[in-house]
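Chemist: Sharing a model prediction with you, sequence too.
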Amino acid sequence: MFLVQFLTCFFIALTTDEKKEKKKPKLGKHDVSKFKRGDILEVPRTLFSHFGIYLGNDRVAHLIPDILPAVSADKSAISKMVTNNRLLLGVITKQASVRIDCVEDFAFGAEILVNHMDKVCSRPPLNGEEVARRAEKLLGSVEYSLLWYNCEHYVMYCRYGTSMSFQTYQFCKNVRKIVFSKTSSFLSLLLCLYITVYLGYLSVYGILITAVIPFTIWMAS
């Protein structure tokens, strides 16, 4: 309940940000004649890439985190370009929607790669019309997960018939290297020893934790 109240109050700040970002000039124009219905459009970001399906007529269907539909019924405000605040709160609360935007709003001034996933996916792409049909069928609110259901899962399902994310796989692989490493095992041993000895948890249970956690990380490394 508190979260809902907080988000509702934050709606005022969101609409203010929308007005500011709406005035932001578009940084570039893309030649939409190069895009075909059913193409995957990829926009490289700082940490991750954002994906969408081109539907034709300057329209892109994409899954994007957005808190606004959960706190407001104003369709006019919701239909406007998703601001950074709306997106961030959507990620935190796992609220998202599959929506249609124009190419420029989708790209937000960034470079667009076309069908780049065809080079790394082992499955052949579906027919462009089938891809677009799948993308349109999934329009609406969805539950968002940064790792398990994001924009890449959406476009992969639409174009290749499999819901997966290479970005998620690579991220989990890197986290695994950091967490399950010999250094992490050594640091966890020191931490467990500190908790056990200096904080007074010297017991059979404390000793067991001190032994099991570092050993588990060590064996997984």
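Modeler: Yep, it's here.
Chemist: and the helix or strand that residue 133 is a member of, what does it pack onto?
Modeler: According to DSSP states H and E, residue 133 maps onto helix 128-137. Helices and strands touching helix 128-137, by 3 or more CB pairs under 8 Å, 6 or more residues apart in numbering; DSSP states H and E, are strand 49-56, strand 59-65, helix 151-160. From N, CA and C alone the C-beta is placed, and that goes for glycine too.
Chemist: Which strands border the shortest one, and is each parallel or antiparallel?
Modeler: The one in question is strand 59-65. strand 49-56 (antiparallel), strand 95-102 (antiparallel) (DSSP bridges).
Chemist: for the record, mean pLDDT for that strand?
Modeler: Averaged over strand 59-65, pLDDT sits at 97.
Chemist: okay, residue 69: pLDDT?
Modeler: Residue 69 is given a pLDDT of 91.
Chemist: Next: residue 43.
Modeler: 95.
Chemist: Likewise for the one 3 residues further on?
Modeler: Looking at residue 46, its pLDDT is 75.
Chemist: Please report the distance of it from residue 110.
Modeler: Separation of residue 46 from residue 110 (CB to CB, to the nearest Å) stands at 10 Å.
Chemist: These two: which is more packed in?
Modeler: Between residue 46 and residue 110, counting by other CB atoms under 10 Å, residue 110 is the more crowded of the two (16 against 4).
Chemist: Which residue, neighbours along the chain excluded, lies closest to that one?
Modeler: Nearest non-adjacent residue to residue 110, counting by CB to CB, 6 or more residues apart in numbering: residue 43, 4.8 Å away.
Chemist: Extract the C-alpha trace of the helix or strand where that neighbour lies and format it as CSV.
Modeler: Element membership for residue 43 (DSSP H and E) is strand 40-44. The C-alpha trace of strand 40-44 is given here as CSV (Å, rounded to 0.1, in the frame of the first residue of the first chain):
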residue,chain,number,x,y,z
ILE,A,40,14.6,-6.6,-35.4
LEU,A,41,15.8,-3.1,-34.6
GLU,A,42,18.6,-2.9,-32.0
VAL,A,43,19.7,0.3,-30.2
PRO,A,44,23.0,0.0,-28.3
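Chemist: Give me the angle between that strand and helix 128-137.
Modeler: Orientation of strand 40-44 against helix 128-137 (axes from the mean of the first three to the mean of the last three CA atoms, to 10 degrees) gives an angle of 60 degrees.
Chemist: Can you name the residues bridging to the residue nearest to residue 110?
Modeler: Residues in beta-bridge contact with residue 43 (DSSP bridges): residue 50.
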